[in-house]
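[1] got a sequence here, can you build the structure:
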Amino acid sequence: MNQIKGKLQKIGKKRLIILGLAVVVIIVAIAGIIGKQQQKKAQAKENQYRTMMVRKRTPLTMSGKVTAASKQIVALPSGTVQSIAVKTGSHVSQGQVVATVYNESAADEVSELKDTLAKAQKQVSTASSTLSQAQSALSQADSDDDDYSELKSQVTEAKSSYNEAVDDVSEAQNKLNTAQNKVYQSAKAPYAGIVVVNNEHADSPAITVYSDNLQLNMEISEYDYNKVPVGTKLTVTAIATKNKQETSVSYLSKVPDSTNGNTTKYTLNANLNSSQFINGQTVKVEISQAGVAIPKAAVRSSYVYVVKDGKAKKRAVFGRFEDGFCIVTDGLKAGETIVTNPDGNLKSGDHIE
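    The predicted structure follows:
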């Protein structure tokens, strides 16, 4: 009986051990399943987000012309052109004489003023003689003479007449000098540059000076106007020679230059190196764009998620929305990687493949 009881107890212990082992196996299996499910969820979360590397914005590419920074028709003095000292294509320095003009009316005035001067000079001679005679008579008279006072008055009047005659001569001489300067006058170049002479009107040829200083001249549309404020960096390349220069916008018109269809155009200028370009050349213009462009969907409440070392990190950005993109001007730079489709479940520190 005792032997049977002992056998039953041994059998009970084995069952308990087996049952315990079974429970452990079940727990481990359940833990494994839960772990795999969590891993799958994490992987699914990782795989649901797309990423992109941020790149610099593509420059605006346009065309333009090289022109003289200044262009001026030389103002000719009144009169008849006597001679032209330059010809088309000539290079002039600032202040160089380009033409001489003869003024006939000024020449007539000179002739009249010479006569006036000659008369004034005769008056001076007469007044001088009169003064000398009055002074001589006064010097010979005695102060006690009855006519001494009269002689003294005559000397005073003679001096006054002489002084007036001298003043008349001075005035006539000044007028003559001024008129003589008007007879032949010179037209001068306002600055250094190349001359173009138009003789279509022989009596009044047009002499134009194109400055040595060159500039980019192009038109910008109303849609791109706000993208190129003064100071914007740009690269200018000559189509024919491939010469290239980095420069910046020096002028942007606030008044429309032209209208093609429904698009308004505005003039844009930038200074160019005259040793690299030639007046009249066609050039390609690349206008750099500030900031970086990312998909609008990548921004959630002014934040983006930057991916670094496989993890997402929330970061504030600043900029503007434009044509389905966000133009970020602060908070993000080219070369960084961002999540392009963040949602409310994404958190800083989440792993991103």
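
[2] got the buried residues for stretch 242-250?
    Using 16 or more other CB atoms under 10 Å as the test for burial, stretch 242-250 gives N243, Q245, T247, V249. The C-beta positions use only the backbone N, C-alpha and C, and glycine is treated the same way.

[3] pick the one among those closest to T340.
    Of all the buried residues of stretch 242-250, T340 sits closest to V249, with 32.8 Å by CB to CB.

[4] wait, isn't N279 in contact with T67?
    Yes. Using CB atoms under 8 Å, N279 is in contact with T67, at 6.4 Å.

[5] which residues are common contacts for these two?
    Each of L214 lies in contact with both N279 and T67 under the rule CB atoms under 8 Å, 6 or more residues apart in numbering.

[6] can you tell me how far T116 is from A165?
    Using CB to CB, to the nearest Å, we find T116 at a distance of 13 Å from A165.

[7] repeat for L234
    Relative to A165, and taking CB to CB, L234 is found at 72 Å.

[8] T116 and A165: which is more packed in?
    Per other CB atoms under 10 Å, whichever of T116 and A165 has more neighbours is A165, with 21 against 17.

[9] contacting residues around that one?
    A120, Q123, V124, T126, A127, S128.

[10] show me the strands in the stretch 151-300 of the chain, by range?
    For the stretch 151-300 of the chain, the strands defined by DSSP state E, counting those that start in this stretch cover 184-188, 193-198, 206-211, 214-221, 233-238, 244-252, 258-260, 263-272, 282-287, 292-295.

[11] contacts for the last one?
    This means strand 292-295. So strand 292-295 is contacted by 52, 54-57, 304, 322, 324-328, 332-334, 338, 340 (CB under 8 Å, 6+ apart).

[12] before we move on, the earlier item: quick one: closest of the strands of the stretch 151-300 of the chain to N345.
    strand 292-295 (18.7 Å).

[13] after that closest one, which helix or strand is next?
    Past strand 292-295, further along toward the C-terminus, the next helix or strand under DSSP states H and E is strand 303-308.

[14] now do stretch 240-257, average pLDDT.
    Averaging pLDDT along stretch 240-257 gives 95.

[15] between the two ends of that stretch, what distance do you get?
    Counting by CA to CA, to the nearest Å, you get 27 Å between the two ends of stretch 240-257.

[16] just to revisit the earlier point, so which of the contacts of A165 is the closest to A179?
    Using CB to CB, the contacts of A165 come closest to A179 at A120, 15.0 Å.

[17] ok, and what's touching the host helix or strand of I327?
    In this structure, I327 sits in strand 325-330 according to DSSP H and E. Residues from elsewhere that reach strand 325-330 (CB under 8 Å, 6+ apart): 57, 290-296, 298-299, 304, 317-321.

[18] and stretch 129-148, by the same measure?
    So stretch 129-148 is contacted by L151, K152, Q154, V155, E157, A158, K159, S161, Y162 (CB under 8 Å, 6+ apart).

[19] and that stretch, what's buried?
    T130, L131, A134, A137, L138, A141.

[20] repeat for stretch 77-94
    P77, G79, V81, I84, A85, V86, S90, V92.

[21] swap in stretch 102-119?
    So, applying 16+ other CB under 10 Å, buried residues of stretch 102-119: Y102, N103, A106, E109, V110, L113, T116, L117.

[22] looking at it now, give me its mean pLDDT.
    90.

[23] do stretch 181-192 as well
    If you average the pLDDT over stretch 181-192, you get 93.

[24] what residues does that stretch touch?
    Against stretch 181-192 from outside (CB under 8 Å, 6+ apart): 70, 72, 74-77, 79, 82, 91-103, 106-107, 109-110, 195, 207, 209, 211-212.

[25] which ones among those lie within strands?
    72, 82, 91-92, 97-102, 195, 207, 209, 211 (DSSP state E).

[26] need the distance between the two termini of stretch 227-242.
    Span of stretch 227-242 from end to end, CA to CA: 26 Å.

[27] for D146, phi and psi?
    phi -60, psi -30 (degrees, to the nearest 10).

[28] and it, what pLDDT?
    On the pLDDT scale, D146 is placed at 73.

[29] not counting sequence-adjacent ones, nearest residue to K71?
    Among residues not flanking K71 along the chain, Y210 sits closest, at 5.3 Å (CB to CB, 6 or more residues apart in numbering).

[30] a helix runs through K122, doesn't it?
    Yes. The assignment for K122 by DSSP: H, G, I helix; E, B strand; the rest coil puts it in a helix.

[31] and it, how many neighbours?
    Neighbourhood size, K122 [other CB under 10 Å]: 12.

[32] which residues does the residue nearest the centre of the chain contact?
    With distances taken as CA atoms, centre = their mean, the residue of the chain nearest its centroid is S250 (0.7 Å). Contacts for S250 (CB under 8 Å, 6+ apart) come out as Q215, V230, N269, A270, N271.
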